[in-house]
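Novice: just need the structure, nothing else, for what follows:
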Amino acid sequence: MAVFINEQIQASEVVLSGLNGEPLGVLSREEALAMARWYKADLLCTSLMSSPPPCRLVAKGKGKAFAQGQKRTENNSRPAADKKSKGTAKEKVKELRFTAHIEEHDYDTKLRQADKHLRSGKPVQLVVRASGAKEAAAAKAVLERLLTDLKESGTKETGIQSSGKGAQVKLNPR
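Specialist: The predicted structure follows:
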């Protein structure tokens with residue numbers, strides 16, 4: 001976030017808040033700067049997204065620290081629903097990689113690992129890599145087989161996403 005302090009503010013008018021956050025109204029930039037000098041404070045622009053921009057008086061030399069603290073409190077003051085969804089987005093997704101022509105015992109081992117992660121409540125990303133574009137159909141077939149074997153412990157979040165040399169799908173626990 002860019003921080004504009006005192007003379008860096010270019011707007012002709014600003015919406016000003018006092019040292020304690022009390023609203024002081026819409027003032028010209030010059031009046032706001034004069035008020036900042038009178039209080040021996042800095043004039044800090046808190047957002048450039050509105051016109052006139054909201055500005056605030058902060059203790060001298062504390063402008064950047066205040067702006068960083070403000071940003072931190074905005075991130076922490078999200079509603080509970082946002083925090084919940086934010087937590088799931090940051091949740092670690094276990095990625096299991098397969099080859100297009102995987103042997104049966106390797107397939108069974110990876111299947112058990114995926115099942116274990118899903119049953120413990122963790123999402124799993126299944127990725128099948130093919131050595132060439134010709135093996136992409138075999139990669140998709142491996143994923144489809146995995147999906148049928150894991151249908152009791154997980155549901156797919158995304159469809160099978162095929163790219164040139166492979167395919168992938170994300171499973172969430174049931």
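
Novice: now the strands for the chain?
Specialist: Under the criterion DSSP state E, the chain carries strands at the ranges 4-5, 13-17, 23-28, 41-45, 54-59, 94-99, 124-129, 154-156, 161-163, 166-173.

Novice: and the longest helix along the chain, how far from the chain's centre?
Specialist: The helix spanning the most residues in the chain, taking DSSP state H as the definition, is helix 104-119. Between the centre of helix 104-119 and the centre of its chain there are 30 Å (Cα atoms, centre = their mean, to the nearest Å).

Novice: with just CA atoms, put it into CSV.
Specialist: Taking C-alpha atoms only, helix 104-119 is exported to CSV below (Å, rounded to 0.1, in the frame of the first residue of the first chain):
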residue,chain,number,x,y,z
GLU,A,104,-0.4,-52.0,-9.7
HIS,A,105,1.4,-52.1,-6.4
ASP,A,106,2.5,-48.5,-6.7
TYR,A,107,-1.1,-47.5,-7.6
ASP,A,108,-2.3,-49.3,-4.4
THR,A,109,0.2,-47.6,-2.2
LYS,A,110,-0.7,-44.1,-3.5
LEU,A,111,-4.4,-45.0,-3.3
ARG,A,112,-3.9,-45.8,0.4
GLN,A,113,-2.0,-42.6,1.0
ALA,A,114,-4.8,-40.5,-0.7
ASP,A,115,-7.5,-42.4,1.3
LYS,A,116,-5.6,-41.8,4.6
HIS,A,117,-5.3,-38.0,3.9
LEU,A,118,-8.9,-37.7,2.9
ARG,A,119,-10.2,-39.6,5.9
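
Novice: got any ranges where the protein has weak pLDDT?
Specialist: Across the chain, residues meeting the criterion (pLDDT under 70) sit at 1, 64, 67-68, 70-90.

Novice: picking that back up, CSV for the strands of the chain, including distance to L147?
Specialist: From N, CA and C alone the C-beta is placed, and that goes for glycine too. Putting the strands of the chain into CSV (distance: least, Cβ to Cβ, whole Å) gives the following:
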stretch, distance to L147
strand 4-5, 53
strand 13-17, 55
strand 23-28, 57
strand 41-45, 52
strand 54-59, 51
strand 94-99, 12
strand 124-129, 8
strand 154-156, 6
strand 161-163, 13
strand 166-173, 7
